[in-house]
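Asker: need coordinates for the below:
(chains A, B, C and D)
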There are 2 protein chains.
Amino acid sequence: MNPKKPATSRASTRRATMRDVASEAGVGVKTVSRVVNGEPDVAESTRHRVRAAIARLDYRPDDSARGLRNGQIASIGLVLDDATDPFSAQLVAAIQAEAQLHGMLALSGSCNEDPDSERELSLALCARRVRGLVVVPAPGARHDYLSPYLAEGLPVVFVDRPPVALAADTVLTDSRGGAITAVRHLLAHGHRRIAFLGDDVRIHTAAERLSGYRAALHEAGLPIDTDLIAARPVRDETVSATLAAFMALPEPPTALFTANNRTTVAALRALAGFDTVPALVGFDDFQLAELMSPPVTVVAQDPGSLGETAARLLFQRLFGDRSPAQRVELATRLIPRGSGEIPPHPTGGRTIAVPPF
Amino acid sequence: MNPKKPATSRASTRRATMRDVASEAGVGVKTVSRVVNGEPDVAESTRHRVRAAIARLDYRPDDSARGLRNGQIASIGLVLDDATDPFSAQLVAAIQAEAQLHGMLALSGSCNEDPDSERELSLALCARRVRGLVVVPAPGARHDYLSPYLAEGLPVVFVDRPPVALAADTVLTDSRGGAITAVRHLLAHGHRRIAFLGDDVRIHTAAERLSGYRAALHEAGLPIDTDLIAARPVRDETVSATLAAFMALPEPPTALFTANNRTTVAALRALAGFDTVPALVGFDDFQLAELMSPPVTVVAQDPGSLGETAARLLFQRLFGDRSPAQRVELATRLIPRGSGEIPPHPTGGRTIAVPPF
DNA sequence: TCTGTTATTGACAACGTTGTCAGTAGTGCT
DNA sequence: AGCACTACTGACAACGTTGTCAATAACAGA
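Answerer: Numbers count the residues shown, from 1 in each chain, chains lettered A, B, ... in the order given. Alright, predicted model coming up:
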């Protein structure tokens, strides 16, 4: 439990403290503190002596002590739902870049879609006295556990999914709008039987996209056929089975709207076995979409902007912005590449050239 | 500079401290500390009273104070070269998962391939008194700046690329071996003009892969034709231009070895414009490789194992392992999918069916 | 009853930093 | 010279926690 044996051997190489620097430079600790923090009211000569001492001793201020004294550390917390997702990677990168501009680091953790884990992680970050929190909510989580911290003045920004039971800044992609765009696009190409393949509706974005799908159909005066709707957690096998079921229907869909990245990719894998393919529009862009056969039409969102916007909002709050909680929705962008422009085909797809392998 | 106005309003909602809990429970602070840390020698009744008080006040220990007192915080530092890379994402996820098993969080930052930035980031993490450091070195960086911390007993593990001017634990993919496997595979399919497309050789993995390429050719008794070697930073345009130059040679290559993920993808984009394609083996697997036309043969490495191994090594060190620095090399795995099994074609490629879009 | 032992507890100092405040020296003004 | 003022400096306390150590109670054995 306490493997701190090297304490003795470390005494010799002890890390230099402000005291050490102070005595090395022949000044008081407070003066060193002033120099380190770039405060005014230090004579130029003193400043130089202190800097020299700092360099000689290779002194670095201890952030734990600073954190204790100041009540905060120079870091922001990041709670992700799934760190392996490329979406998360871009989000993190954008947030870190923004944080770095303010001399802060990001403390991050992944909760793997588990609400309890999300809560534990967030609270652990609060215990570390981060300056602010960016949270990608786990499906099914409530967020009132954060209200004491919010009341204390801790800025919290939710990304990609809105908080539940809590009013706080939120940055979202316009999922419903994006879904409407996608389905309208398919409708415009003559499709009337359009299937929906998406994630569990407990995930906010999934629900919104389904809602957009319904709205677009409704607006076109088409009925909602629940046989054409599959909203369940994404795995390659489930998507494959669902697609097979769709195609076995008396009136199979001629087009597919896949409501997120992973679903789209899973659908592509499943469709690779077919010799005719339905039209397809996916939500989320992904690497190599343009090299698929046919190239995949998508409604793209921008994780980078999402992260940047969230971080900016957080720092605005840190700089004193006390206006009411905002909700920002970022627009999506339709990128037609081919798969979404396939016309309807009576057997639920269209024959395409099978690659020679 | 100091927007700490809400100090007054926060006083009312001050975070509870051990003192508060102690007086609430009618015990001494040290007893609360004992309960919080699960130490023995606390009467069961006292323990209950303290726990109740903790729950009532919603007390959470302050990690800055703990860090100050203990000289360490319950976090490990993570220095990445490029956080947007899916490779990094998987690495981070694996390391975080391992850290979580030990109740630690990961403090991470990305240095965007800049050596100075890598140094600053690492030192910032040391200043935060992380328990250990996992570093993906930036190209061109030296690491002797870490030796004082190593001497202090801070465990540091390098991943993906070895440290320069420092002896420390290192976890790598067997790049040279993987490259040899890739090139041998192409040779076995009859290729004699094999081009190399890789990254800047200042990056260790890039150099190793080039070395493996040379070794495999040499072992087959083939000459090294520098016209067929391009080792420079990867961008879509450079790869495209390089490929065009290759194909314009009097004796164009019949096969391509692309030495990393991004190069492979860039090459695929460039090749999409051609009506005949050379054989291709890429280093690194990537999403949808199996759905390309032709499906892409790769030598795969496993970022997850890389991260897990590194984290395990780090925690071994934290638990007192003082053995000399290790260097672990993880094996690669050849995944034949089609593109690597194309036979040589006199015009430097082979006619393939062009997809109908 | 007295002594030794164990179980339980809390007072106190220290970790490294920074805000407060009082002190010193120098300067300009009357 | 006396005064106010500025520029600079450092002693000290405090931030919230935990290791040290001494104190107390309880209890068994003699």
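
Asker: going forward, measure contacts and count neighbours with C-alpha atoms only.
Answerer: OK.

Asker: who in chain A is up against DNA strand C?
Answerer: Contact residues, chain A versus DNA strand C (Cα under 7 Å from any atom of the strand): A:15, A:17-19, A:29-30, A:33-34, A:36-37, A:60-63, A:65-66, A:68-70.

Asker: filter the residues you listed down to the ones close to chain B.
Answerer: A:60-63, A:65, A:68 (Cα under 8 Å from any Cα of the partner chain).

Asker: and these, which of them are buried?
Answerer: Buried positions within these, assessed by neighbour count (16 or more other Cα atoms under 10 Å in any protein chain shown), are A:60-63, A:65, A:68.

Asker: closest one to B:I95 out of those, please.
Answerer: Comparing these against B:I95 with Cα to Cα picks out A:D63 as the nearest, at 23.2 Å.

Asker: and the closest one, backbone torsions?
Answerer: In terms of degrees, to the nearest 10, the main-chain angles of A:D63 are phi -70, psi -20.

Asker: so who does it touch?
Answerer: A:73, B:127-129 (Cα atoms under 8 Å, 6 or more residues apart in numbering or on different chains).

Asker: before we move on, what about A:L313?
Answerer: Counting by Cα under 8 Å, 6+ apart, the residues that A:L313 touches are A:157, A:169.

Asker: one step back: between the contacts of A:D63, which has the most around it?
Answerer: Of all the contacts of A:D63, the highest neighbour tally under other Cα atoms under 10 Å in any protein chain shown goes to B:R128, namely 30 neighbours.

Asker: and the pLDDT for A:T347?
Answerer: What the model reports for A:T347 is a pLDDT of 56.

Asker: ok, the contacts of A:D63 vs B:P139, which is closest?
Answerer: B:A127 (23.4 Å).

Asker: and that closest one, how far is that from A:C126?
Answerer: Separation of B:A127 from A:C126 (Cα to Cα, to the nearest Å) stands at 20 Å.

Asker: same question for A:V42.
Answerer: 35 Å.

Asker: the more surrounded of these two?
Answerer: A side-by-side neighbour count of A:V42 and A:C126, using other Cα under 10 Å, places A:C126 first with 23 against 14.

Asker: shouldn't the more buried one be within a strand?
Answerer: No: assessed with DSSP: H, G, I helix; E, B strand; the rest coil, A:C126 is helix; it does not lie in a strand.

Asker: do a quick rundown of the helices in the stretch 151-300 of chain A.
Answerer: Using DSSP state H, counting those that start in this stretch, the helices of the stretch 151-300 of chain A run over A:175-188, A:204-219, A:236-248, A:261-271.

Asker: mind listing what's buried in the second one?
Answerer: Which is helix A:204-219. Buried residues in helix A:204-219, counted by 16+ other Cα under 10 Å: A:204-217.

Asker: re earlier: so which of the residues of chain A next to DNA strand C also contact DNA strand D?
Answerer: By Cα under 7 Å from any atom of the strand, the members of the residues of chain A next to DNA strand C lying near DNA strand D are A:29-30, A:65, A:68-69.

Asker: can I get the residues you listed in TSV including pLDDT and secondary structure?
Answerer: Output for those, formatted as TSV (pLDDT from 0 to 100; DSSP: H, G, I helix; E, B strand; the rest coil):
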residue	pLDDT	secondary structure
A:V29	96	helix
A:K30	96	helix
A:A65	95	helix
A:L68	94	helix
A:R69	94	helix
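
Asker: return the member of these nearest to A:T173.
Answerer: A:T173 has its nearest neighbour among those in A:L68, at 37.5 Å by Cα to Cα.

Asker: related to what we said a few turns ago, okay if I get the buried ones among the ones next to chain B among the residues of chain A next to DNA strand C as TSV plus distance to B:D82?
Answerer: Shown next, in TSV, are these (distance: Cα to Cα, whole Å):
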residue	distance to B:D82
A:R60	26
A:P61	27
A:D62	27
A:D63	25
A:A65	30
A:L68	32
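
Asker: of all the buried residues of helix A:204-219, which two lie farthest apart?
Answerer: Put simply, by Cα to Cα the two of the buried residues of helix A:204-219 set farthest apart are A:H204 and A:L217, 20.1 Å from each other.

Asker: surely A:A106 is in a strand?
Answerer: Yes: under three-state DSSP, A:A106 sits within a strand.

Asker: just the buried residues of stretch A:280-291, please?
Answerer: Using 16+ other Cα under 10 Å as the test for burial, stretch A:280-291 gives A:280-286, A:288-291.

Asker: export that stretch to PDB, keeping only CA atoms.
Answerer: C-alpha atoms of stretch A:280-291 as PDB (Å, rounded to 0.1, in the frame of the first residue of the first chain):
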ATOM      1  CA  LEU A 280     -27.600   5.600 -48.500                       C
ATOM      2  CA  VAL A 281     -27.100   8.800 -46.600                       C
ATOM      3  CA  GLY A 282     -25.200   8.700 -43.400                       C
ATOM      4  CA  PHE A 283     -25.100  11.100 -40.500                       C
ATOM      5  CA  ASP A 284     -21.400  12.000 -39.700                       C
ATOM      6  CA  ASP A 285     -18.600  12.100 -42.200                       C
ATOM      7  CA  PHE A 286     -15.800   9.500 -42.000                       C
ATOM      8  CA  GLN A 287     -12.400   8.800 -43.400                       C
ATOM      9  CA  LEU A 288     -12.500   7.300 -46.900                       C
ATOM     10  CA  ALA A 289     -16.200   7.800 -47.400                       C
ATOM     11  CA  GLU A 290     -15.300   9.200 -50.800                       C
ATOM     12  CA  LEU A 291     -13.500   6.000 -51.800                       C
END
